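Chemist: what would the 3D arrangement of this be:
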Amino acid sequence: MNAIAYKGGYRYQLQQDLICPALAPPDGATIRTRFIDLTAEGWLTIRAGYAWDGPSGPTLHSPSFMRGSLIHDALYQLIREGHLPRTHRRAADRLLYDLCRRDGMWAIRAAWVWLAVRLVGGLVLRHASNPIRYAPEGCPT
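Modeler: The predicted structure is shown next:
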(Lines give C-alpha, C1' and ligand atoms only; values in the text may rest on other atoms or scores of the structure.)
Protein backbone atom coordinates (compact mmCIF):
# COMPACT_ATOMS: atom_id res chain seq x y z
CA MET A 1 0.00 0.00 0.00
CA ASN A 2 1.27 3.49 -0.83
CA ALA A 3 1.48 6.43 1.54
CA ILE A 4 -0.85 9.39 1.26
CA ALA A 5 0.51 12.83 0.44
CA TYR A 6 -1.10 15.78 2.23
CA LYS A 7 -0.54 19.35 3.38
CA GLY A 8 -1.48 20.79 6.75
CA GLY A 9 -2.16 24.33 7.88
CA TYR A 10 -5.60 24.80 6.37
CA ARG A 11 -8.78 25.51 8.27
CA TYR A 12 -11.35 26.31 5.58
CA GLN A 13 -12.25 24.92 2.17
CA LEU A 14 -14.20 26.88 -0.45
CA GLN A 15 -17.43 25.10 -1.41
CA GLN A 16 -18.31 27.05 -4.55
CA ASP A 17 -16.34 29.06 -7.07
CA LEU A 18 -15.75 32.72 -6.27
CA ILE A 19 -15.35 35.18 -9.16
CA CYS A 20 -14.59 38.81 -8.32
CA PRO A 21 -12.57 41.81 -9.46
CA ALA A 22 -9.11 41.90 -7.88
CA LEU A 23 -5.99 43.28 -9.57
CA ALA A 24 -4.51 42.83 -13.01
CA PRO A 25 -1.22 41.05 -13.72
CA PRO A 26 1.48 43.52 -14.79
CA ASP A 27 2.21 41.90 -18.15
CA GLY A 28 -1.43 41.55 -19.21
CA ALA A 29 -1.23 37.75 -19.30
CA THR A 30 -3.84 35.51 -17.74
CA ILE A 31 -2.59 33.37 -14.85
CA ARG A 32 -4.01 29.86 -14.48
CA THR A 33 -3.26 27.48 -11.63
CA ARG A 34 -5.09 24.46 -10.27
CA PHE A 35 -7.39 26.50 -8.02
CA ILE A 36 -6.75 30.15 -8.92
CA ASP A 37 -7.12 32.08 -12.18
CA LEU A 38 -6.42 35.79 -12.66
CA THR A 39 -7.35 37.31 -16.00
CA ALA A 40 -5.50 40.08 -17.80
CA GLU A 41 -8.45 42.34 -16.90
CA GLY A 42 -8.04 41.61 -13.18
CA TRP A 43 -10.87 39.11 -12.61
CA LEU A 44 -9.96 36.56 -9.96
CA THR A 45 -11.51 33.08 -9.90
CA ILE A 46 -10.94 30.85 -6.90
CA ARG A 47 -12.35 27.39 -7.51
CA ALA A 48 -14.30 25.21 -5.13
CA GLY A 49 -11.95 22.99 -3.15
CA TYR A 50 -9.39 25.75 -2.52
CA ALA A 51 -8.19 25.56 1.09
CA TRP A 52 -6.89 28.45 3.17
CA ASP A 53 -6.17 29.18 6.82
CA GLY A 54 -8.61 32.06 7.24
CA PRO A 55 -7.60 35.28 8.97
CA SER A 56 -4.03 35.06 10.28
CA GLY A 57 -2.74 36.10 13.67
CA PRO A 58 -4.57 36.60 16.92
CA THR A 59 -7.91 37.68 15.50
CA LEU A 60 -11.56 36.71 15.27
CA HIS A 61 -12.63 34.63 12.31
CA SER A 62 -15.70 36.77 11.72
CA PRO A 63 -17.88 36.91 8.58
CA SER A 64 -16.52 40.40 7.83
CA PHE A 65 -13.02 38.91 7.54
CA MET A 66 -13.60 35.64 5.66
CA ARG A 67 -13.92 36.80 2.05
CA GLY A 68 -11.01 39.21 2.42
CA SER A 69 -8.80 36.53 3.96
CA LEU A 70 -9.64 34.11 1.13
CA ILE A 71 -8.83 36.56 -1.65
CA HIS A 72 -5.74 37.89 0.14
CA ASP A 73 -4.40 34.36 0.68
CA ALA A 74 -4.99 33.48 -2.97
CA LEU A 75 -3.17 36.63 -4.18
CA TYR A 76 -0.28 36.04 -1.77
CA GLN A 77 -0.06 32.47 -3.08
CA LEU A 78 0.25 33.80 -6.64
CA ILE A 79 3.01 36.15 -5.46
CA ARG A 80 4.81 33.42 -3.49
CA GLU A 81 4.70 31.06 -6.50
CA GLY A 82 6.11 33.75 -8.81
CA HIS A 83 2.96 34.31 -10.90
CA LEU A 84 2.69 37.91 -9.66
CA PRO A 85 5.58 40.22 -8.75
CA ARG A 86 6.18 41.15 -5.11
CA THR A 87 5.26 44.73 -6.06
CA HIS A 88 1.61 43.55 -6.13
CA ARG A 89 1.71 42.94 -2.37
CA ARG A 90 0.65 46.50 -1.51
CA ALA A 91 -2.39 46.27 -3.81
CA ALA A 92 -3.32 42.86 -2.32
CA ASP A 93 -3.09 44.33 1.19
CA ARG A 94 -5.23 47.32 0.20
CA LEU A 95 -7.80 44.99 -1.38
CA LEU A 96 -7.98 43.08 1.93
CA TYR A 97 -8.74 46.33 3.76
CA ASP A 98 -11.38 47.35 1.20
CA LEU A 99 -13.10 43.94 1.29
CA CYS A 100 -13.18 43.87 5.09
CA ARG A 101 -14.78 47.32 5.16
CA ARG A 102 -17.26 46.40 2.42
CA ASP A 103 -18.18 43.26 4.34
CA GLY A 104 -19.00 45.24 7.50
CA MET A 105 -15.77 45.33 9.51
CA TRP A 106 -15.34 48.39 11.72
CA ALA A 107 -12.88 50.90 10.31
CA ILE A 108 -10.52 50.69 13.29
CA ARG A 109 -10.33 46.89 13.08
CA ALA A 110 -9.79 47.01 9.30
CA ALA A 111 -6.98 49.53 9.86
CA TRP A 112 -5.34 47.14 12.35
CA VAL A 113 -5.67 44.28 9.85
CA TRP A 114 -4.07 46.41 7.13
CA LEU A 115 -1.25 47.48 9.46
CA ALA A 116 -0.59 43.87 10.49
CA VAL A 117 -0.30 42.62 6.90
CA ARG A 118 1.91 45.56 5.98
CA LEU A 119 4.22 44.77 8.91
CA VAL A 120 4.45 40.97 8.66
CA GLY A 121 3.12 40.11 5.19
CA GLY A 122 6.59 40.29 3.68
CA LEU A 123 7.76 37.56 6.05
CA VAL A 124 4.89 35.34 4.96
CA LEU A 125 5.90 35.71 1.33
CA ARG A 126 9.44 34.54 2.08
CA HIS A 127 8.25 31.15 3.30
CA ALA A 128 7.34 28.38 0.92
CA SER A 129 3.86 26.95 0.91
CA ASN A 130 3.01 24.26 3.44
CA PRO A 131 5.28 21.26 2.81
CA ILE A 132 3.95 17.99 1.45
CA ARG A 133 3.89 15.32 4.14
CA TYR A 134 3.48 11.57 3.83
CA ALA A 135 1.75 9.03 6.03
CA PRO A 136 2.33 6.52 7.29
CA GLU A 137 6.02 7.15 7.76
CA GLY A 138 8.27 4.70 5.94
CA CYS A 139 5.55 3.69 3.48
CA PRO A 140 6.55 4.00 -0.21
CA THR A 141 5.14 7.00 -2.01
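
Chemist: for this structure, give me the ranges with low pLDDT.
Modeler: Along the chain, segments meeting pLDDT under 70 span 1, 127-130, 138-141.

Chemist: again, 80 this time
Modeler: Within the chain, the segments meeting pLDDT under 80 span 1-2, 4-9, 57-58, 122-133, 137-141.

Chemist: what segments of it are helices?
Modeler: For the chain, helices defined by DSSP state H occupy the ranges 63-80, 89-102, 107-126.

Chemist: list the contacts for the nearest residue in space to Ala29 that is not next to it in sequence?
Modeler: Distances taken as Cβ to Cβ, 6 or more residues apart in numbering place Ala40 nearest to Ala29, at 6.2 Å, with adjacent residues excluded. Every residue, glycine included, has its C-beta placed from N, CA and C. By Cβ atoms under 8 Å, 6 or more residues apart in numbering, the contact set of Ala40 is Ala24, Pro25, Gly28, Ala29, Thr30.

Chemist: filter the residues you listed down to the buried ones.
Modeler: Ala24, Pro25 (16 or more other Cβ atoms under 10 Å).

Chemist: tell me which of the helices of the chain sits most buried.
Modeler: helix 63-80 (a mean of 20; mean count of other Cβ atoms under 10 Å).

Chemist: for the contacts of Ala40, which one is nearest Ser62?
Modeler: Nearest to Ser62 among the contacts of Ala40 is Ala24, at 29.2 Å by Cβ to Cβ.

Chemist: how near is that closest one to Tyr50?
Modeler: For Ala24, the distance to Tyr50 (Cβ to Cβ, to the nearest Å) stands at 20 Å.

Chemist: for Tyr12, same thing?
Modeler: Distance, Tyr12 to Tyr50, by Cβ to Cβ: 9 Å.

Chemist: the more surrounded of these two?
Modeler: Legend: neighbour count by other Cβ atoms under 10 Å for Tyr12 and Tyr50, higher for Tyr50 (22 against 16).

Chemist: so who does the residue nearest to Gln15 when sequence neighbours are not counted touch?
Modeler: Excluding the flanking residues, the one nearest Gln15 by Cβ to Cβ, 6+ apart is Ala48, at 5.8 Å. Residues in contact with Ala48, defined by Cβ under 8 Å, 6+ apart, are Leu14, Gln15, Gln16, Asp17.
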